[in-house]
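Engineer: Structure for this input, please:
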Amino acid sequence: MTGVAAPLITVVIPAYNAEKTLAETLQSVSSQSYDKLEILVVDDGSRDRTFDLARDYSLTDHRVRVLRQENGGVARARNHGIEDARGLYIAPVDADDLWHPRKIELQLEALGKFPDGRGVAYNWYAAIDENGIIFGHSRPVLHQGTIFEPLLRENFIGNGSTPLMPRADILRCGGYDASLRDNGAEGCEDLKLYLSLAETLPFVLVPDFLTGYRFTKGNMSSNAYRMLKSHALVMAPIITRYPQFTRDIQTAEFNTARWYFKKAFLGNDFAQVKQLAPMMVRKYSSRLVVHGVQQGWRQAKRVLRTAKRALGKSSARPKIRLGSAPLPQPGTAFSDRFAATPARETISLTSSRMVDNE
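Structural biologist: Model prediction:
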């Protein structure tokens, strides 16, 4: 694959005030079935016990090294780790997210399909809460190979804790863009890097839910207005370079704004709703009308299908099914997915528990 039978992989964990979750994240990394790892915890100027916890953990797993920097944001922390890394590949994971024990093994195996293993591997994710309990999952897309255009339309990778990426290519792309934070638009650094990599590298999918992506009120992705500003700044130069994708990017921006509004509304986060509503009316009034009509039509078709089934005249098309990865079960712990061998359930694209990507 790479000329190296078992390449060293560097795991980069940016950590800021992460004392509540860091140990669990480190445990999920240390427990990987592929053990040729360098694990770098980058303490981003934490004011709690993050550094002490990471240092103590390094005494029990000598693959762990702890780096420190003044608080500069997640992009600078990741870049710090990447610059210090010795591994051929970089696997970032945020200090509150979790991995399935075979994540790295399966991703590295998937990269073997590419000459010299030069590509990016990703997988689907399970959405987990503060206690590691599953409440949804990402849409199980099947994008592989050249994925630049689909990634413009939807960030289907969906988080910063999933990909396995060649270190040399990350450096060639300039790493994560720390200037977004400097402009008050922290949040889409990972998407910007994925798009830069996708312009020249193929991507490969490991079709399983191998990342436990934690959603909490305090994490970065909860700040809708800042995330939308970040998305706009990331897409602006791409529109300049690829004007033919302008319409797709504008649709992606609308869908992103709609997703955050729905998330805030259902979560009773009325401060975010109050901030987002006037912006959406001002910027997307015509799209909102079209979307409302489309949603009404879809609802009418669902009612019609339900009525036909009740009358014994079902015309429902068979569900599209994917592989045999176990479907994340809401209400169960992410760790339960690998603590025992669960009954395997076929994945359906029509699941009502999917979490739209940001």
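Engineer: now stretch 191-207: mean pLDDT?
Structural biologist: Average pLDDT, stretch 191-207: 98.
Engineer: what's the following helix or strand after the lengthiest strand in the chain?
Structural biologist: What stands out as the longest strand in the chain, according to DSSP state E, is strand 203-214. Along the chain past strand 203-214, the next helix or strand (assigned with DSSP states H and E) turns out to be helix 224-241.
Engineer: Now do the buried residues in that following helix.
Structural biologist: Within helix 224-241, the residues scored as buried using 16 or more other CB atoms under 10 Å are 224, 226-235, 238-239. C-beta: built from backbone N, CA, C; applies to glycine.
Engineer: cool, stretch 31-41 as well?
Structural biologist: For stretch 31-41, a neighbour-count test (16+ other CB under 10 Å) marks 32, 34, 37, 38, 39, 40, 41 as buried.
Engineer: can you count the residues close to residue 45?
Structural biologist: By other CB atoms under 10 Å, the residues close to residue 45 number 16.
Engineer: Now do the contacts for it.
Structural biologist: 16, 68, 69, 70, 71, 72 (CB atoms under 8 Å, 6 or more residues apart in numbering).
Engineer: what's the closest non-adjacent residue to the residue nearest the centre of the chain?
Structural biologist: Centroid-nearest residue in the chain: residue 159, 1.8 Å away (criterion: CA atoms, centre = their mean). In space, not counting the residues next to it along the chain, residue 159 is nearest to residue 213; the distance is 4.6 Å by CB to CB, 6 or more residues apart in numbering.
Engineer: For that neighbour, grab the count of nearby residues.
Structural biologist: Neighbourhood size, residue 213 [other CB under 10 Å]: 26.
Engineer: Ok, residue 108 next?
Structural biologist: When neighbours are counted by other CB under 10 Å, residue 108 registers 23.
Engineer: Now do the helices in the stretch 151-300 of the chain.
Structural biologist: Using DSSP state H, counting those that start in this stretch, the helices of the stretch 151-300 of the chain run over 167-172, 179-182, 189-198, 224-241, 246-266, 270-310.
Engineer: is it possible to export these to JSON lines including distance to residue 134?
Structural biologist: JSON lines is the format used below for the helices of the stretch 151-300 of the chain (distance: least, CB to CB, whole Å):
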{"stretch": "helix 167-172", "distance to residue 134": "30"}
{"stretch": "helix 179-182", "distance to residue 134": "30"}
{"stretch": "helix 189-198", "distance to residue 134": "22"}
{"stretch": "helix 224-241", "distance to residue 134": "23"}
{"stretch": "helix 246-266", "distance to residue 134": "17"}
{"stretch": "helix 270-310", "distance to residue 134": "24"}
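Engineer: Looking at those, which one is packed in the most?
Structural biologist: Stretch with highest mean neighbour count among the helices of the stretch 151-300 of the chain: helix 189-198 (a mean of 23; mean count of other CB atoms under 10 Å).
Engineer: which residues sit against stretch 16-24?
Structural biologist: For stretch 16-24, the external contacting residues (CB under 8 Å, 6+ apart) are 13, 15, 25, 41, 43-50, 53-54, 57, 71, 74, 77, 95-96, 98, 132, 214.
Engineer: Can you select the buried ones from those in PyMOL?
Structural biologist: In PyMOL, this line selects whichever of these come out buried by 16+ other CB under 10 Å:
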select buried, resi 13+15+25+41+43+44+45+46+50+53+54+57+74+77+95+96+98+132+214
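Engineer: among the contacts of stretch 16-24, which are in strands?
Structural biologist: Among the contacts of stretch 16-24, DSSP E puts 13, 15, 41, 43, 44, 98, 214 in strands.
Engineer: about what we covered before: who touches the residue nearest to residue 159 in this structure?
Structural biologist: So residue 213 contacts 97, 125, 126, 127, 128, 138, 158, 159, 161, 162 (CB under 8 Å, 6+ apart).
Engineer: which residues does it bridge with?
Structural biologist: The partner list for residue 213 in beta bridges (DSSP bridges) reads residue 127.
Engineer: measure it to residue 164 for me?
Structural biologist: For residue 213, the distance to residue 164 equals 16 Å [CB to CB, to the nearest Å].
Engineer: My read is that residue 100 contacts residue 208, right?
Structural biologist: Yes: with contact defined as CB atoms under 8 Å, residue 100 reaches residue 208; the gap is 7.3 Å.
Engineer: Who has more neighbours out of these two?
Structural biologist: Using other CB under 10 Å as the criterion, residue 100 and residue 208 rank with residue 100 on top: 24 against 20.
Engineer: show me the contacts for the residue lying closest to that one once chain neighbours are set aside.
Structural biologist: Closest residue to residue 100 apart from its sequence neighbours, by CB to CB, 6+ apart: residue 210 at 4.1 Å. For residue 210, the contacting residues are 99, 100, 102, 103, 106, 107, 123, 124, 125, 162, by CB under 8 Å, 6+ apart.
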